[in-house]
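Enquirer: Provide a 3D model corresponding to the input given below.
(one chain, ligands or ions: 1)
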Amino acid sequence: MNINEVKQILNKYYVSVKKQFGQNFLMDNNIITKICDISNITKEVNVIEIGPGLGFLTQELKVRANKVMCYEIDSEMVKVVTNRFENDDNVIIKYQDFLKANIDKDIENYLNDKPVIVVANLPYYITTAILIKILEESKYIKQMTVMMQLEVADRICGKPSTKDYNSLSVLMQYFTTCRLAIKVGAGCFYPEPNVDSAVVLVKHKDIIDYPALNEEYFKKFNRIVFAQRRKTLANNLKQGFGYSKELIENILNKNNISLTIRTEALKVEEIVILANEFYLAQNK
Ligand code: SAM
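Expert: Okay, here's the model as predicted:
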């Protein structure tokens, strides 16, 4: 694929590129091949693609996978991919906002014969919302290969005591293992985004080593302890939850955690352990 071919398809179908839907079409065939290779796609898996756009990635997915189910929000792109794949009975196109989809119901209806993975060049304006929706709502999806803005990829894979480590890193690394697999320059897309991109391979953990006693509380705790990066963990806890100085000191001392530590210095499991301690203290 090159710019001229992309423009030809846009002209052929009389469709325009819509910035508001995060449309940056991946033109680089090598990257498409690499995405499919690292996803280990075979006829033994079904794939969900979020935002097929003009269908360049879909084309490779449908050859390798058992079935591909695509969610597309833009009616013009739906027209393009419906036409391109009208003779492929293993491609299912859904004209729908993915954020409103009932993922597991759709999987039960269309993809219930094989394990399901997600492979997508995500619309960047809703990357985090899409990842969190999948983590929270789908019990079937166990792996995702997703292209996103490099900065978000760095955060998702961020390690403690680095500038990239935040509540999103902790949430993702609690449920999954994440690996930044491919860095992708802006020139691989049409139109060029004004940021660099990266493909992240996300695998859901079968067993969570340090499980939260209450996941909803853990998620809230995780948000609150990172709310103000410049403040200490103790201050964030005091401000965010209104916990007493005494309770905070007791729990931090018990866990050998300095009262002056910043949250970013804590490992994921340390944050879970602390969340469990505060949860228990509140629910005695
Ligand atoms: N897969 C194509 C590619 O790799 O060239 C297009 C990727 S483009 C970055 C993102 C795609 O997601 C666009 O086709 C856009 O219309 C679609 N999209 C944006 N928001 C969406 C949403 N909420 N639900 C489903 N698709 C969406």
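Enquirer: where does the stretch 101-250 of the chain come near the ligand, residue by residue?
Expert: Within the stretch 101-250 of the chain, the positions lying close to the ligand (C-beta under 6 Å from any ligand atom) are Asn121, Pro123, Ile126. Heads up, the C-betas are built off the backbone N, CA and C, glycines and all.
Enquirer: number of nearby residues for the first one?
Expert: Around Asn121 sit 27 other residues, with neighbours defined as other C-beta atoms under 10 Å.
Enquirer: wait, it sits on Gln149?
Expert: No. Counting by C-beta atoms under 8 Å, no contact exists between Asn121 and Gln149, whose distance comes to 11.4 Å.
Enquirer: Dump the residues of the stretch 101-250 of the chain next to the ligand into JSON lines; add pLDDT as well.
Expert: JSON lines is the format used below for those (pLDDT from 0 to 100):
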{"residue": "Asn121", "pLDDT": "98"}
{"residue": "Pro123", "pLDDT": "97"}
{"residue": "Ile126", "pLDDT": "98"}
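Enquirer: Quick one: these as JSON lines, columns for secondary structure too.
Expert: As requested, those are exported to JSON lines (DSSP: H, G, I helix; E, B strand; the rest coil):
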{"residue": "Asn121", "secondary structure": "strand"}
{"residue": "Pro123", "secondary structure": "coil"}
{"residue": "Ile126", "secondary structure": "helix"}
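Enquirer: out of those, which one sits closest to Thr232?
Expert: For these, the residue nearest Thr232 by C-beta to C-beta is Ile126; the value is 32.6 Å.
Enquirer: quick one: Ile107 from Phe98, how far?
Expert: When C-beta to C-beta, to the nearest Å is applied, the distance between Ile107 and Phe98 equals 13 Å.
Enquirer: One more: Lys219?
Expert: To Phe98, Lys219 is 21 Å away according to C-beta to C-beta.
Enquirer: In terms of neighbours, single out the busier of the two.
Expert: Set side by side, Lys219 and Phe98 show more neighbours around Phe98, with 23 against 18, by other C-beta under 10 Å.
Enquirer: Could you report the neighbour count for Arg223?
Expert: Neighbouring residues of Arg223 were enumerated by other C-beta under 10 Å; the total is 16.
Enquirer: er, Tyr125 I mean
Expert: Each residue near Tyr125 was counted by other C-beta under 10 Å, and the total is 12.
Enquirer: now do Gly187
Expert: One way to gauge burial is a neighbour count; for Gly187, by other C-beta under 10 Å, it gives 10.
Enquirer: ok, now Asn87?
Expert: 6.
Enquirer: Could you report the distance from it to Gln282?
Expert: 59 Å.
Enquirer: likewise Arg64?
Expert: Summarising the geometry, the distance separating Arg64 from Gln282, computed by C-beta to C-beta, is 49 Å.
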